[in-house]
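Enquirer: Next one to model:
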Amino acid sequence: MKVAIYCRVSTEEQHADNQEKICKEHCKRNDIEIYKVYKDVISGSTSSRPSFNKLLVDMRTYKFDTIMVSKLDRIGRSLSHLISLFEEFNKRKVGFISLTQNIETITASGKLQFHILAAFSEYERDIISERTKEGLRYCKKLGKRGKDKTKRSNKGYKDRYK
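Expert: Take a look at the predicted model:
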């Protein structure tokens, strides 16, 4: 087995080192060859990610046969996006391993577990979005402004609600 490891964090303040360490240790324990480690610093809800796009290009040229992540939500949180990815993985006979959820799409039970966890990941993302919108509406009601995520700022937390 030759794996491509994918690690993703959402912000520059976060680090993917622990995700990479978990995957590499698993590979070492199980004598699995690592093709390459791909890392992105970008939101999981974004379907176009530079390193992930490179991983897909390498997958389509059969440079590895399995994709490994530390956790399912690193690869994406949208159920429709995950399903389309996994359809392509299956078509190309590329396996998928999520270590913390113990998912291996090579088995029938692993495929079932993937579908269940993907649905929960999407549900979690939707709940977070609803809570954020609710918080912003509450701030607006109080005459305060929430942080606009489309405009990145170097201002600290205290400056967000002027």
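Enquirer: Strands of the protein, residue ranges please.
Expert: 2-9, 33-41, 66-69, 95-98, 103-104 (DSSP state E).
Enquirer: which stretch among those comes nearest Phe89?
Expert: Smallest distance to Phe89 across the strands of the chain (Cβ to Cβ): 5.7 Å, for strand 95-98. Where you see a C-beta, it was placed from the backbone N, CA and C, and this is true even at glycine.
Enquirer: Need the mean per-residue confidence for the closest one.
Expert: For strand 95-98, mean pLDDT is 92.
Enquirer: Parallel or antiparallel, which strands does it pair with?
Expert: Within its sheet, strand 95-98 is paired with strand 66-69 (parallel), strand 103-104 (antiparallel), according to DSSP bridges.
Enquirer: any idea of the mean pLDDT in the last one?
Expert: Averaged across strand 103-104, pLDDT comes to 84.
Enquirer: Distance check, Lys28 against Lys21.
Expert: Using Cβ to Cβ, to the nearest Å, one gets 10 Å for the distance from Lys28 to Lys21.
Enquirer: what helices or strands is the longest helix seen in the chain leaning on?
Expert: Of all segments of type helix in the chain, defined using DSSP state H, the longest is helix 108-141. Helices and strands touching helix 108-141, by 3 or more Cβ pairs under 8 Å, 6 or more residues apart in numbering; DSSP states H and E, are helix 79-91, strand 95-98, strand 103-104.
Enquirer: Can you give the contact residues for the first one?
Expert: So the one you mean is helix 79-91. Applying Cβ atoms under 8 Å, 6 or more residues apart in numbering, the contact partners of helix 79-91 are 47, 56, 59, 67, 72, 75-76, 94-96, 105, 114, 118-119, 121-122.
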